[in-house]
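[1] Quick check, what structure comes out for this input:
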Amino acid sequence: MAAARILVADDEREILVSCRKILERAGHNVTTAADGVEALELLKASRYDLFIVDLKMPGRNGMEILSLARSLDAGLMIIMFTAFATLETAVEAVKRGAFDYLAKPFTADQLRVVAERALRHKQLLEENLNLREQLAAHSGFDKILGTSEAMQNLYRTLQKTMRSDADILLQGESGTGKELIARTIHAHSLRREKPFIAVDCAALPENLLESELFGHEKGAFTGADRASRGLLELAHTGTLFLDEIAELPLVLQAKLLRTHQERELRRLGGEKTIPVDIRVIAATNRDLHTEMVNKNFREDLYYRLNVINVQLPPLRERKSDIPLLANHFLLHFGHRHQRTIETLGSEVWKLFLTYNWPGNVRELQNVIQHAVLLAEADSVRVCDLPDYLQTQTQQQVSFQDVRARQAEAVEKTFLVELLKKHRGNVSEAAAEANMTRKMIYRLARKFSIDVEVFRHS
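    This next block holds a predicted model:
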């Protein structure tokens, strides 16, 4: 990651010195401020990528500064330091626009990790500000969101289909956006001014499917009091999208194959043939090779439709796209339901990036809509998510992890207070704690504590 401009505000000199060393070693440019007033002046005078600010400071406290900083730069990433690591302060900080919070005392690794995560998030947001325009300019697929390698491969395949009139078979798990892909292909094809007819083969009852697809003449069956054009006829000169084509009965598979090959159909109960010129885009979440082996799908129809095969990646294979998709749905449903939900909490982001999303993009979309409707603050929290995801979060946090973090926090606090008391005199500190000098220095390295700071305080 490129060097970032980071501002750290804290009234404890040793914290400022430690943060500067840790973050500069990570390759960043660091500016420090000893209080809130100085921090605000620096924010007004220059732009920063990341602002790390203490919750409790003389003059203006961290919460006040957070709100003012957001008003100066809406894209500024903010992390709160707090020695009061309660759920209430964390939620309040995130609600007011903080990306995350870090409880004191913290280790060098903890600071680096939370800073890098915030900077990566900022980079992602900036890269996606003009994503729609970029996709429209370079690929023409402006309604499909994703910048991952899997999606870039998909775009390259789709670009090759733009001027083709060949049939396409879309394969992918449920919820991966097959109909959106089909509509986008049609919108950029030579048939874009002609009809796009979508048929869900799994949704129509088998006894009605033939009539719906091929149409019928008056008197063809009981209740057919007038002639009716079928969906294939309505798609003439355009695109027919057959979703879940593996659900199509074998007898209709044969009739569809003949109609598509001969470019003509005969309505149910009719005698004359009607010309049809259609491009077929078929989709399925099944393995059609297995269906053919099991005699559930015709080989000749498979090879007729599978001129261009497009595999849609599941969401678990393109997790780098989750922030982009989640923010898009957040804005979309916020506008639809007239809710102002600005962001997702840090714990929600962690969950989203570790969860496997068996329902793919559709599941993510539904989860975001659920959260937008239930959120009580302007940031989505874990408690706003569906119950099954809340359970997932609880399972990820083990008692051992919590106990280890608490032990480290106590250990660091003890060392800092010990060094403060003896003004950095390691021999005196070691004697009081019944430890060796080597043990004191080892702990100092573990927590990235500079002993020299205490000798000059």
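[2] Pull out the buried residues from stretch 278-296.
    Within stretch 278-296, the residues that qualify as buried are 278, 279, 280, 281, 282, 283, 284, 285, 288, 291, 296, counting by 16 or more other C-beta atoms under 10 Å. C-beta coordinates here come from the backbone N, C-alpha and C atoms, glycine included.
[3] low pLDDT regions in the stretch 251-400 of the chain?
    Scanning the stretch 251-400 of the chain for pLDDT under 70 picks out 393-400.
[4] Distance to residue 83 and secondary structure added to the buried residues of stretch 278-296, as CSV?
    Listed next are those as CSV, based on distance: C-beta to C-beta, whole Å; DSSP: H, G, I helix; E, B strand; the rest coil:
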residue, distance to residue 83, secondary structure
278, 68, coil
279, 65, strand
280, 65, strand
281, 59, strand
282, 61, strand
283, 55, strand
284, 56, strand
285, 51, coil
288, 60, helix
291, 62, helix
296, 64, coil
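[5] what's the farthest-apart pair in those?
    Greatest spatial distance among these (C-beta to C-beta): 279 and 296, at 24.8 Å.
[6] Which strand or helix spans the residue nearest the centre of the chain?
    The residue lying closest to the centre of the chain (C-alpha atoms, centre = their mean) is residue 322, at 1.4 Å. Assigned by DSSP states H and E, residue 322 belongs to helix 322-336.
[7] which outside residues touch that helix?
    Helix 322-336 has contacts (C-beta atoms under 8 Å, 6 or more residues apart in numbering) with 121, 124-125, 128, 131, 145-147, 315, 339-341, 343-344, 349, 352-353, 361, 364-365, 368-369, 372-373, 380.
[8] buried subset of the residues you listed?
    Of these, these count as buried by 16+ other C-beta under 10 Å: 121, 124, 128, 145-147, 315, 341, 343-344, 349, 352, 361, 364-365, 368-369, 372, 380.
[9] What's the separation between the residue in the chain sticking out farthest from the centre and residue 217?
    Of all residues in the chain, residue 271 has its C-alpha farthest from the mean position, at 53.8 Å, by C-alpha atoms, centre = their mean. Note on residue 271: its distance to residue 217, by C-beta to C-beta, to the nearest Å, is 8 Å.
[10] ditto for residue 115
    72 Å.
[11] quick one, which of the two is more surrounded?
    residue 115 (27 against 17; other C-beta atoms under 10 Å).
[12] Specify the local secondary structure of residue 198.
    Following DSSP: H, G, I helix; E, B strand; the rest coil, we place residue 198 in the strand state.
[13] can you pull out the strands in the stretch 151-300 of the chain?
    168-171, 196-200, 239-243, 264-265, 274-275, 279-284 (DSSP state E, counting those that start in this stretch).
[14] Mind putting these into a markdown table with distance to residue 3?
    Shown next, in a markdown table, are the strands of the stretch 151-300 of the chain (distance: least, C-beta to C-beta, whole Å):
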| stretch | distance to residue 3 |
| --- | --- |
| strand 168-171 | 43 |
| strand 196-200 | 49 |
| strand 239-243 | 49 |
| strand 264-265 | 65 |
| strand 274-275 | 65 |
| strand 279-284 | 46 |
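[15] Mind checking which of the buried ones among the contacts of helix 322-336 land in strands?
    Those of those mapping onto strands are 343, 344, 380, per DSSP state E.
[16] Between those residues, which sits nearest residue 300?
    Nearest to residue 300 among these: residue 344, at 48.8 Å, using C-beta to C-beta.
[17] For the nearest residue to that closest one once chain neighbours are set aside, give me its contacts.
    In space, and not counting its chain neighbours, residue 344 is closest to residue 380: 4.6 Å by C-beta to C-beta, 6 or more residues apart in numbering. Residue 380 makes contact with 330, 341, 343, 344, 345, 348, 368, 371, 372, according to C-beta under 8 Å, 6+ apart.
[18] from the chain's centre, how far out does whichever helix or strand residue 119 is part of sit?
    With elements taken from DSSP H and E, the one containing residue 119 is helix 108-128. For helix 108-128, the separation from the chain centroid amounts to 15 Å (computed by C-alpha atoms, centre = their mean, to the nearest Å).
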